[in-house]
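Asker: Show me the folded form of this:
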Amino acid sequence: MIDFRYHLVSIIAIFFALATGIILGAGPLDEQVDQTLVDQIPQLRDENQQLRDQIVALEADLAYEETFVDSSAPLLVADRLADRRVALVVLPGADEEQVAGIRSQVESAGASISSTVTVAPTWSDPDSEPALNALAAELVVSGTTLPLGGDGYDRGAAVLAGALLRPDDEASADRDADQITAVETGYGEAGLATIEIAEGEDDPQATLAVVVAGPPPEDDVERRTGTLTSLVRALDEAAAGSVVGGPPAAAEEGGLIT
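Answerer: Numbers count the residues shown, from 1 in each chain. Below is the predicted model:
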């Protein structure tokens, strides 16, 4: 049986251990820890300076690249798209500054932007598929063929692309203004896409599409990116061609460019 003397010895042992720890902590061990920290300071200071130097070097490289692009781009793109008509398509998450830069480069190349389409994030929502399907059935314009076997995203993309694009300037422009206005109104009221026709445009149809992507979606990546891929494919099929640009993340896993 454990008696009072056992408890007394245990308590004394505990206090002795505590006292020993305090003495060692305030004495040789404390001095050793302090010295270790002092020895680490120069190393940490050197590593910090190396990181700062790397940042300065990277900033200098970036500034050089931006200067090169700004100075050479007008010469590289001049008249490359002379008298061409372009539809600018802005996808969810696209950077506004990048969009403005691309718009400027397209115009520097001699093209006119006949329409700007801003695709809403809701385009890729699961409940948007039946809405796009219904819009496609209601607003399909003459000359546009709805894809067989596709879903609502595919058909909705085909109608949007068919209203704003045609394969070449010589192709019959059989989409009248009322049809295009109906698509503009329908997609806008559904909260799926905003379509802005350039001021003074009698014929808003373009022959080329420039698409500006954002980073990969934060959730349901495969399905959401798939719906946007279908949209880009429809734009390409309706026009003489399309090109997609975006941030580096768009070329990584789950990104539209990938």
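
Asker: ok, now how distant is the residue nearest to residue 184 when sequence neighbours are not counted from residue 230?
Answerer: Among residues not flanking residue 184 along the chain, residue 195 sits closest, at 4.2 Å (C-beta to C-beta, 6 or more residues apart in numbering). C-beta here means a position set from N, CA and C on the backbone, and glycine is covered the same way. Here residue 195 is placed at a distance of 18 Å from residue 230 (C-beta to C-beta, to the nearest Å).

Asker: Run a quick neighbour tally on the residue lying closest to residue 124 once chain neighbours are set aside.
Answerer: Of all residues not flanking residue 124 in the chain, residue 224 sits nearest, at 4.0 Å (C-beta to C-beta, 6+ apart). By other C-beta atoms under 10 Å, the residues close to residue 224 number 21.

Asker: Quick one: mean pLDDT for the helix or strand where residue 224 lies?
Answerer: Assigned by DSSP states H and E, residue 224 falls within helix 221-238. Per-residue pLDDT values over helix 221-238 give a mean of 94.

Asker: ok, now stretch 52-69?
Answerer: Stretch 52-69 comes out with an average pLDDT of 89.

Asker: check contacts around residue 136.
Answerer: Residues near residue 136 by C-beta atoms under 8 Å, 6 or more residues apart in numbering: 146, 152, 155, 156, 158, 159.

Asker: who has more neighbours, residue 195 and residue 230?
Answerer: Taking neighbours as other C-beta under 10 Å, residue 195 and residue 230 compare with residue 195 leading, 23 against 19.

Asker: Doesn't that one lie inside a helix?
Answerer: No. Under the criterion used here (DSSP: H, G, I helix; E, B strand; the rest coil), residue 195 is strand, not part of a helix.

Asker: Contacts only, for it.
Answerer: Contact analysis of residue 195 by C-beta under 8 Å, 6+ apart lists 115, 116, 117, 164, 183, 184, 187, 188.

Asker: returning to what we had before: do you know how far the residue nearest to residue 184 is from residue 90?
Answerer: From residue 195 to residue 90 the distance is 11 Å (C-beta to C-beta).
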